[in-house]
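# quick one: sequence and predicted model below, then my questions.
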Amino acid sequence: MKVHLIAIGGSAMHNMAIALYEKGIVVTGSDDEIFEPSKSRLQMRGLLPESEGWFPEKISAELDAVIVGMHARKDNPELLRAQELGLRIFSYPEYIYEQTKNKTRIVIGGSHGKTSTTAMILHVARHNNVDCDFLVGAQLEGFDCMVRFTEGAKFAIIEGDEYLSSPTDLRPKFHLYNPDIALLTGIAWDHINVFPTFENYVEQFEIFLDKITPGGSLVYCSADSEVKRISEAHGGDWKKIPYSVHPHTVRDGVTFLNTDSGEVPLIIFGEHNLQNLQGALEVCRLMGIGDTEFYDAMKSFKGAARRLELVKETTGSVIYKDFAHSPSKLKATTAAFKAQFASRRLVACMELHTFSSLNANFLGEYKDSMQAADKAYVYFNPHTIEHKKLPPISPQQVKDAFASDNVEVFTDSNLLMQELKRQSWHDANLLLMTSGNFDGIDFVRLADELLPSA
């Protein structure tokens, strides 16, 4: 087998290239820019293109498949050459299905919690020696690559993203996986640039349910009103399994699961995580993993990268970073953090960074989303708005949208960092939430400056 990847340097695409290479497939690829860590990871396996750019001469009739990443454009010269030769052309999710079509596909969908839930299932499966292929959207401890293809694994665990598949395939990715077991975590409007109305966004999840194979299973979060509505209204020929927050106790900053066999201590925390955990438990039961084995594995689960990830801890203070950026994620993460450390002051910082979050028409969705924090800082860079070709927004517009007296807005990340450094962190916690990096802030260095003692 010979496969060529157009836009091989992408976060997902370079992981796919590595997975195909490790399966024994001959892999080539191109990209006009490749950054770290993709560059080093491809180079280590001899997959890094010799030169950056597009080279239609790489496309020949000898190729069994061409895979197109989202970074490529419709007029990409390599894509045009592949079309001219009549080669088999796949979007990224189409090829995921191609590699997993003979397996039991477990697809985790939802506006939030996809990565964490997928990571939990994979952690439990690995702990119990259950062989799985997978696709997950974040780095996981103990996993070298975030995509895996094998001949022998019975299950394929897939994080089902609702964003578009490729420049030539405008279907949401999770419409292409045809799950045997589907899990739906929650629905909260996102990707306003692609789904301009809430109704249009919800429709994508209804189509996802249509894709479940006959005789399959749907595990759905009944605590989410929209998920509950579409799941219970759907007349699909499959089993429906509702779930909510796993029973638990929080004591001295540690969350314990309440189980038939006693309390189970966790490293992770937060109601949202405990919802994800219950969903993961239901899926693992369908995979034949027992509850005792599940709980034993979850004791050591630390979470996916940038999902409530500990940066530094000292006596009386912790600093965490999180990928939260949408209103629902922001609200859930801030509330979880405050509940876990109820006696400490909570300072929460978030960056408006995505197309949706910087859109004036969407800002109102953030109302009360950081209300649980004692002090909330919201940052955005006006140059990012210009780059995304959006109308400008003002700090006052942002403050009004959050509609909470605890919110202060910054447009200069250096001034925000100075404000953080002026504060006392005795009996206080810091939560940093962004899908970006506050314009290049080194989270570890900042944590060392704020909490200098070991």
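Right, received. Where do you want to start?

# alpha carbons only for contacts and neighbour counts from here, please
OK.

# my read is that A61 contacts L85, right?
Yes: between A61 and L85 there is a contact at 6.7 Å, judged by Cα atoms under 8 Å.

# list the buried ones in the longest helix seen in the chain?
Taking DSSP state H as the assignment, the helix of the chain that covers the most residues is helix 271-286. Across helix 271-286, burial judged by 16 or more other Cα atoms under 10 Å covers 271-284.

# for stretch 378-386, same thing?
Going by neighbour count (16+ other Cα under 10 Å), the buried part of stretch 378-386 is V378, Y379, F380, N381, P382, T384, I385.

# stretch 298-313 too?
Buried residues in stretch 298-313, counting neighbours by 16+ other Cα under 10 Å, are found at 298-299, 301-313.

# quick one, phi psi at the residue nearest the centre of the chain?
Per Cα atoms, centre = their mean, the C-alpha nearest to the average position across the chain is that of T115, at 4.3 Å. Phi and psi for T115, reported as degrees, to the nearest 10, are phi -60, psi -50.

# hang on, isn't it packed against A138?
Yes: the pair T115 / A138 is scored as a contact, 6.8 Å apart, by Cα under 8 Å.

# so N102: helix, strand or coil?
Assigned with DSSP: H, G, I helix; E, B strand; the rest coil, N102 falls in the coil class.

# which residue ranges of the stretch 351-454 of the chain form strands?
If DSSP state E, counting those that start in this stretch is used as the criterion, the strands of the stretch 351-454 of the chain fall at 375-379, 407-410, 428-433.

# overlap of the contact sets of T115 and A138?
Taking Cα atoms under 8 Å, 6 or more residues apart in numbering as the contact definition, T115 and A138 share the neighbouring residues A304.

# and the end-to-end length of stretch 143-161?
One end of stretch 143-161 sits 20 Å from the other (Cα to Cα, to the nearest Å).

# mind listing what's buried along it?
Residues of stretch 143-161 classed as buried: 145-150, 153-161 (neighbour count, 16+ other Cα under 10 Å).

# next: stretch 388-399.
Within stretch 388-399, the residues scored as buried using 16+ other Cα under 10 Å are P395, V398, K399.

# what is the nearest of the buried residues of stretch 143-161 to D252?
Nearest to D252 among those, counting by Cα to Cα, is E159 at 33.3 Å.

# beta-bridge partners for the closest one, please?
I108 (DSSP bridges).

# again with Y243
When assigned by DSSP bridges, Y243 has beta-bridge partners C221.

# what about it, how many residues nearby?
Neighbourhood size, Y243 [other Cα atoms under 10 Å]: 22.

# where's the closest residue to K58 other than its chain neighbours, which helix or strand?
With Cα to Cα, 6 or more residues apart in numbering as the criterion, K58 has its nearest non-adjacent residue at 7.7 Å, and that residue is E78. Here E78 is covered by helix 77-85, with elements defined by DSSP states H and E.

# among the buried residues of stretch 388-399, which are in helices?
Among the buried residues of stretch 388-399, the subset assigned to helices under DSSP H consists of P395, V398, K399.

# my guess is the last one contacts V407. True?
Which is K399. Yes: in this structure, K399 is within contact of V407 by Cα under 8 Å, at 6.5 Å.

# distance between the ends of stretch 439-446?
Its start and end residues considered, stretch 439-446 measures 13 Å (Cα to Cα).

# and what of stretch 65-74?
Terminal residues of stretch 65-74 are spaced 17 Å apart (Cα to Cα).

# mind listing what the residue nearest to K58 touches?
Under the criterion of Cα under 8 Å, 6+ apart, the contact partners of E78 comprise I6, W54, F55, P56, E57, K58, I59.

# go on, G316?
For G316, the contact set (Cα under 8 Å, 6+ apart) comprises R344, H426, D427, A428.

# I'd like the distance between the second one and R81.
With distances taken as Cα to Cα, H426 is found 62 Å from R81.

# try the first one
When Cα to Cα is applied, the distance between R344 and R81 equals 60 Å.

# rewinding a little: which of the buried residues of stretch 388-399 sits closest to S328?
Nearest to S328 among the buried residues of stretch 388-399, with distances taken as Cα to Cα, is V398, at 16.6 Å.

# what's the distance between the closest one and T249?
36 Å.

# likewise A72?
Relative to T249, A72 is positioned 48 Å away (Cα to Cα).

# mind checking which of those two has more residues around it?
Here A72 and T249 are set side by side on neighbour count (other Cα under 10 Å), and the busier one is A72, at 20 against 13.

# now do the nearest residue to the more buried one once chain neighbours are set aside, the pLDDT please.
Leaving out its chain neighbours, the residue that sits closest to A72 by Cα to Cα, 6+ apart is A7, at 5.9 Å. The predicted local distance difference test score for A7 is 95.

# so A7 touches F35, yeah?
No: using Cα under 8 Å, A7 makes no contact with F35, being 11.8 Å away.

# what about the two, which has more around it?
Just comparing A7 and F35: by other Cα under 10 Å the higher neighbour count belongs to A7, 25 against 10.

# for the more buried one, what are its contacts?
For A7, the contacting residues are M13, G29, S30, D31, D32, V68, G69, M70, H71, A72, by Cα under 8 Å, 6+ apart.

# show me these that map onto strands.
When the contacts of A7 are checked against strands (DSSP state E), the matches are G29, S30, V68.

# between those, which is closest to R422?
Looking at these and their distance to R422, the nearest is S30, at 47.2 Å (Cα to Cα).

# tally of neighbours for the closest one?
Using other Cα under 10 Å as the criterion, S30 is surrounded by 24 other residues.

# and it, bridged to which residues?
Per DSSP bridges, the residues bridged to S30 are I6.
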